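Novice: Make a model of this:
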Amino acid sequence: MMNRIYLDNASTTALAPAVFQEMTPYFMECYGNASSVHGTGREAHRALDKARKRVAAALGAQPQEIYFTSGGSESDNWALKGAALANQNQGKHIITSVIEHHAVLNACYWLEGMGFEVTYLPVDRWGKVDPAAVEQAIRPDTILISLMTANNEIGTLQPIARVGEIARGKGILFHTDAVQAVGAVLLDVQALGVDLLSLSAHKFHGPKGIGALYIRRGAKVQSLIHGGSQERNLRAGTENLPAIVGLGKAIEMASQGIPERTARIAALRDQFILGVQQAIPEAILNGDPKDRLPGNIHFTFPGVDGEALLLRMDLMGIACSGGSACTSGSSEPSHVLAALGQGPLLSRGGLRITLSDQNTEAEMQEALQALIAIVRDLKS
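Specialist: Modelled structure (predicted):
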């Protein structure tokens, strides 16, 4: 079997061995239900509390403000639908952007069917929302603003702290989808001014199928899953203890040494981008050249079929993607690239390369040479 180079870390990351090791006892040894009052249940509850404290510490939040979910999509849906339904007596207007993840966009479409109005803000050529446009879009009946911290396709970082100031000044709930940002940039819910924040463990070397939603104390959010009294009566269902333990360990590890780790990743990113631009001058770099996730590289290559490029890269043993894994297999052009002004042909031809701290300089050089050769061959 060929040595594969994995450069699709925005889709998912490898489970860290230390995370797996910490999860293991909770499958067969400490298997109690955290809601049970006996010793086995109390042991499980202590592990639940420890994980909740770890997540809170990573975000600058309080443990009682952290609610465990099944992942980023549930967290986004809960934030949007739960906040909208709980506050609809104050208004039915929501503000978001055209380049949000489909977990947010599709939740907004659902809410429109329930009688809510949604303003979808445009972005500039780099994929960034203008805070002034957010402020201008606010109406007397605006109850929620939702903007992602970092775009999952092109990596652009949004001015979340500035929008947080605007939302706080107007008394409007503010949600951010930080699924791509946790572990990649420093996050503090107090500094950002957010009331709701979504995250997912498998984006930072944790297990799949587990995430969390930060809900600022006092924010009104309605339950979506009804049943038992788990998660302080807001999210029913027996907790997935092994995965929650894994989330807690993964976010603790991801939050340590962010400046040093991301500086190394960003250096590899910039070296790769420069190599592409020097060898293929017509290549279009998508996303903000500087204000972007440290591990995100996204190009479109005029005259090159994106699907053919991906298949050729895969045959060379290099795993990357065209965009969001949640829309892979779709024949529709990228809604993110379309929002940047790229036509249907270009917006079907994006190539996303995303790094983690496990990638090496040698891997990046090998991937760069392969990409250059494949693009030149396809163009010829």
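Novice: what's the span of stretch 223-238, first residue to last?
Specialist: 15 Å (Cα to Cα, to the nearest Å).
Novice: got a list of contacts for that stretch?
Specialist: 33-35, 64, 67-69, 77-78, 81-82, 215, 221, 239 (Cβ atoms under 8 Å, 6 or more residues apart in numbering). Backbone N, C-alpha and C define where each C-beta goes, glycine included.
Novice: Going through the residues you listed, which ones are buried?
Specialist: 34, 67-69, 77-78, 81-82, 215, 221, 239 (16 or more other Cβ atoms under 10 Å).
Novice: I believe Ser198 is in a strand; please confirm or correct that.
Specialist: Yes. Counting by DSSP: H, G, I helix; E, B strand; the rest coil, Ser198 is found in a strand.
Novice: What pLDDT is listed against it?
Specialist: For Ser198, the pLDDT comes out at 98.
Novice: Centre of the chain to stretch 358-373, how far?
Specialist: Centroid separation for stretch 358-373 versus its chain: 25 Å, with Cα atoms, centre = their mean, to the nearest Å.
Novice: Name the residues that touch that stretch?
Specialist: 5-7, 9, 14, 265, 268, 271-272, 275-276, 279-280, 313, 316, 318, 320, 351, 353, 355.
Novice: Among the contacts of stretch 223-238, which one sits closest to Leu337?
Specialist: Using Cβ to Cβ, Asn77 is the member of those that lies nearest Leu337, at 24.6 Å.
Novice: now the helix or strand hosting the closest one, how far from the centre of its chain.
Specialist: Assigned by DSSP states H and E, Asn77 falls within helix 72-77. Helix 72-77 sits 10 Å away from the centroid of its parent chain (Cα atoms, centre = their mean).
Novice: helices or strands up against that helix?
Specialist: helix 102-113, strand 173-177, strand 196-200, strand 211-215 (3 or more Cβ pairs under 8 Å, 6 or more residues apart in numbering; DSSP states H and E).
Novice: Reformat these into a markdown table and put distance to Asp291 next to each item.
Specialist: Shown next, in a markdown table, are these (distance: least, Cβ to Cβ, whole Å):
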| stretch | distance to Asp291 |
| --- | --- |
| helix 102-113 | 21 |
| strand 173-177 | 16 |
| strand 196-200 | 20 |
| strand 211-215 | 23 |
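Novice: Figure out which of these is closest to Asn87.
Specialist: Closest to Asn87 of the helices and strands packed on helix 72-77 is strand 173-177 (Cβ to Cβ; 6.8 Å).
Novice: just how off-centre is that closest one within its chain?
Specialist: Relative to where its chain is centred, strand 173-177 has its mean C-alpha point 13 Å off (Cα atoms, centre = their mean).
Novice: same deal with stretch 188-208?
Specialist: Worked out by Cα atoms, centre = their mean, stretch 188-208 lies 8 Å from the chain centre.
Novice: Repeat that for stretch 164-175.
Specialist: That offset, for stretch 164-175, works out to 21 Å (Cα atoms, centre = their mean).
Novice: do stretch 26-38 as well
Specialist: 30 Å.
Novice: okay, stretch 287-303 in PDB with CA atoms only?
Specialist: Provided in PDB are the C-alpha atoms of stretch 287-303 (Å, rounded to 0.1, in the frame of the first residue of the first chain):
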ATOM      1  CA  GLY A 287     -10.200  33.400   1.000                       C
ATOM      2  CA  ASP A 288      -8.300  36.200   2.700                       C
ATOM      3  CA  PRO A 289      -4.600  35.900   2.000                       C
ATOM      4  CA  LYS A 290      -3.700  36.700   5.700                       C
ATOM      5  CA  ASP A 291      -6.800  36.700   7.800                       C
ATOM      6  CA  ARG A 292      -7.500  32.900   7.400                       C
ATOM      7  CA  LEU A 293      -7.200  29.700   9.300                       C
ATOM      8  CA  PRO A 294      -3.500  28.600   9.600                       C
ATOM      9  CA  GLY A 295      -4.100  25.300   8.000                       C
ATOM     10  CA  ASN A 296      -6.400  26.300   5.100                       C
ATOM     11  CA  ILE A 297      -5.300  26.400   1.400                       C
ATOM     12  CA  HIS A 298      -8.000  26.800  -1.200                       C
ATOM     13  CA  PHE A 299      -7.400  27.400  -5.000                       C
ATOM     14  CA  THR A 300      -9.400  27.300  -8.200                       C
ATOM     15  CA  PHE A 301      -7.500  26.600 -11.400                       C
ATOM     16  CA  PRO A 302      -9.100  28.100 -14.500                       C
ATOM     17  CA  GLY A 303      -9.500  25.500 -17.300                       C
END
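Novice: Tell me which two of the contacts of stretch 223-238 sit farthest apart.
Specialist: Farthest pair in the contacts of stretch 223-238, by Cβ to Cβ: Asn33 and Lys81, 27.6 Å.
Novice: before we move on, the earlier item: need the contacts of stretch 223-238 in JSON lines with secondary structure, can you?
Specialist: JSON lines is the format used below for the contacts of stretch 223-238 (three-state DSSP):
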{"residue": "Asn33", "secondary structure": "coil"}
{"residue": "Ala34", "secondary structure": "coil"}
{"residue": "Ser35", "secondary structure": "coil"}
{"residue": "Gln64", "secondary structure": "helix"}
{"residue": "Tyr67", "secondary structure": "strand"}
{"residue": "Phe68", "secondary structure": "strand"}
{"residue": "Thr69", "secondary structure": "strand"}
{"residue": "Asn77", "secondary structure": "helix"}
{"residue": "Trp78", "secondary structure": "helix"}
{"residue": "Lys81", "secondary structure": "helix"}
{"residue": "Gly82", "secondary structure": "helix"}
{"residue": "Ile215", "secondary structure": "strand"}
{"residue": "Val221", "secondary structure": "coil"}
{"residue": "Glu239", "secondary structure": "coil"}
